[in-house]
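dropping the sequence and predicted coords here.
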Amino acid sequence: MFRVASTFVALLALPLGTYAADLDKDQLAKIDTAVEAAIKRGECPGAVVVVVHADAVVYRKAFGKRAVKPDEVAMTTDAVFDMASLTKPVATGTSIALLIQQGKLKPEDLVSKHWPEFAANGKEKVTVEHLLLHTSGLIADNDIKDYASGRAKALERIAGLKLEAPAGTRFKYSDVGFIVLGELVEKISGAPVDQFAKKNVFDPLKMADTTYTPSESLKKRIAPTGLRDGKIILGEVHDPRAFKMGGVAGHAGLFSTADDMVRYCRMLLRDGELDGTRVLDAKTVKLFTEPHPVDVPVTKGGDAKGSRSFGWDVDTAYSAPRGNLFKKGEGYGHTGFTGTSAWVDPGTKTAIIVLANRVHPDDKGNATPLRREIGTIVAAALGKK
């Protein structure tokens with residue numbers, strides 16, 4: 001057995017051992033088997049899984065190993081993970097939503113209104129909304145060589161990129177688009193995205209272990225990722241472009257824990273407020289999370305309709321954490337390349353957080369089947385069929 005920590009726990013709103021009437025705890029217990037099987041298959045060394053329902057933590061466990069090289073270390077529920085692309089909604093998307101709430105930015109704003117140089121080479125019609133929905137026409141990732149001379153030069157080269165498609169005409173998931181959004185946060189607020197998010201999101205929510213560029217003390221709990229220059233990455237962002245930008249970027253760089261993500265997801269499920277502290281207005285949460293239709297390529301010969309929200313996936317090829325039973329179009333979530341994911345289903349007041357270290361130790365592994373299976377198990381526990 002790989003399980004190393006914790007039994008069912010209700011930490012927040014419900015007394016220990018109490019479950020909402022609509023929750024089948026025996027069904028929920030199948031998460032144990034799913035994670036242990038994924039570890040046995042070699043899909044990840046370990047994981048932390050937390051389920052929130054009705055404003056309470058109803059499942060919280062650590063499995064397997066936090067590290068297998070250079071030494072084996074057991075996974076713990078307070079492990080700190082490189083969140084990879086969960087940075088997009090949690091740090092950058094939330095920051096953009098706050099700037100919209102503050103009246104400093106509009107979704108329909110041209111990016112060039114706030115970053116004039118960005119209009120170069122046919123990008124003058126790209127809006128903030130296009131970036132948030134991944135419909136800007138920007139390339140997914142530009143050449144890593146564009147980052148070799150540091151952050152300022154990298155941003156200059158991004159501003160000089162050409163579009164692959166006219167803005168608003170197609171969906172293509174783009175790290176570059178969220179790098180641009182991270183830069184907009186700084187240009188509009190005067191603070192880099194890491195500082196803005198800390199002051200306005202993470203500190204108010206008491207997400208004490210959520211940060212970019214982790215401190216030495218925090219590194220003691222960090223789950224290492226893959227390899228860089230033949231060495232295990234520990235405490236530095238795995239994403240190579242974010243690394244070249246000093247560890248702070250709009251698309252990657254955030255580190256967090258399952259418990260901190262619980263606080264963040266509870267805030268969203270409570271329409272922007274947690275423990276008496278309001279981070280987002282209810283109408284801003286709606287703006288941030290409601291679906292928008294996008295054209296999703298499914299084959300070389302045709303498109304299908306999908307949907308995204310302003311920073312979150314809703315219904316595309318990236319929707320594995322929803323599982324097979326939650327209704328399409330009613331929830332939202334995101335994945336991270338390193339093995340992380342979160343899925344929020346407001347209709348059932350549920351959030352599912354899966355933090356797996358699938359890229360450790362050799363950049364292999366696969367968290368997608370586990371994400372989907374856990375999402376399906378949780379939906380079944382809620383009576384979904």
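Received the coordinates, thanks. Everything numeric in this text was worked out from a predicted model, so none of it was measured. Residues are numbered from 1 along each chain as shown.

so E290 versus G329, what's the distance?
10 Å (C-beta to C-beta, to the nearest Å). Every C-beta, even on glycine, is put in place using the N, C-alpha and C of the backbone.

ignore the last one, L131
According to C-beta to C-beta, L131 stands 22 Å off from G329.

more neighbours: which of those two?
More crowded of L131 and G329, by other C-beta atoms under 10 Å: L131, with 27 against 13.

show the pLDDT at that one.
With respect to pLDDT, L131 scores 98.

and if you look at V298?
Here the pLDDT value assigned to V298 is 50.

check the one 5 residues further on too.
D303 carries a pLDDT value of 51.

got it, and R60?
pLDDT for R60: 98.

wait, it sits on V52?
No - with contact defined as C-beta atoms under 8 Å, R60 does not count as touching V52 (9.4 Å).

compare those two and say which is more crowded by neighbours.
V52 (27 against 22).

okay, and the beta partners of that one?
Beta-bridge partners recorded for V52 (DSSP bridges): V57, A351.

who are the contact partners of it?
12, 58, 262, 265-266, 269, 350-353 (C-beta atoms under 8 Å, 6 or more residues apart in numbering).

hmm, 10 Å instead?
Neighbouring residues of V52 by C-beta atoms under 10 Å, 6 or more residues apart in numbering: 11-13, 58-60, 261-263, 265-266, 269, 342, 344, 349-353, 378.

please apply the same query to A252.
The contact partners of A252, by C-beta under 10 Å, 6+ apart, come to 82-88, 91-92, 175, 178-179, 182, 212, 237-243, 245, 336-338.

show the buried residues in these.
Burial by neighbour count, 16 or more other C-beta atoms under 10 Å: within the contacts of A252 this picks out 82-88, 91-92, 175, 178-179, 182, 212, 237-239, 241-243, 245, 336-338.

and T213, what element?
Assessed by DSSP states H and E, T213 sits outside every helix and strand.

and the pLDDT for it?
T213 is given a pLDDT of 98.

what sits closest to it if chain neighbours are left out?
Once flanking residues are discounted, T213 sits nearest to G247: 4.4 Å by C-beta to C-beta, 6 or more residues apart in numbering.

before we move on, what SS does the nearest residue to E373 once chain neighbours are set aside have?
Excluding its sequence neighbours, the residue lying closest to E373 (C-beta to C-beta, 6+ apart) is A34, at 4.7 Å. Assigned with DSSP: H, G, I helix; E, B strand; the rest coil, A34 falls in the helix class.

overlap in contacts, E290 and G329.
Counting by C-beta under 10 Å, 6+ apart, the residues touching both E290 and G329 are 307, 314.

run through the residues that contact the closest residue to A119 other than its chain neighbours.
Leaving aside its sequence neighbours, A119 sits nearest to S112 (C-beta to C-beta, 6+ apart; 3.7 Å). Contacts here follow C-beta under 10 Å, 6+ apart; on that basis S112 touches 118-120, 123-127, 159.

repeat for N142
Counting by C-beta under 10 Å, 6+ apart, N142 touches 154, 157-158, 160-161, 174-176, 179, 241.

mind doing that once more with 8 Å?
Applying C-beta under 8 Å, 6+ apart, we find N142 in contact with 157-158, 161, 176.

just the ones in helices from the buried ones among the contacts of A252, please.
Cross-referencing the buried ones among the contacts of A252 against helices under DSSP state H gives 87, 175, 178-179, 182, 241-243.

return the closest of the residues you listed with respect to S256.
Comparing those against S256 with C-beta to C-beta places T87 closest, at 9.2 Å.

for the closest one, give its distance to V128.
T87 is 18 Å from V128, by C-beta to C-beta.

likewise D209?
From D209 to V128 the distance is 30 Å (C-beta to C-beta).

which of those two has more residues huddled nearby?
Per other C-beta under 10 Å, whichever of D209 and V128 has more neighbours is V128, with 24 against 20.

residues in contact with the more buried one?
By C-beta under 8 Å, 6+ apart, V128 lies in contact with 96, 105-109, 111, 181, 184.

drop anything exposed from the residues you listed.
Buried members of those, scored by 16+ other C-beta under 10 Å, are 96, 105, 107, 109, 111, 181, 184.

coming back round to it: which of the contacts of V52 fall within strands?
58-60, 342, 344, 350-353 (DSSP state E).

show me the two of the residues you listed that sit farthest apart.
Farthest pair in these, by C-beta to C-beta: R60 and V344, 16.7 Å.

quick one: the strands in the stretch 201-350 of the chain?
Along the stretch 201-350 of the chain, counting by DSSP state E, counting those that start in this stretch, strands occupy 227-228, 231-232, 255-256, 273-274, 277-278, 292-299, 302-308, 313-315, 332-335, 340-345, 350-356.
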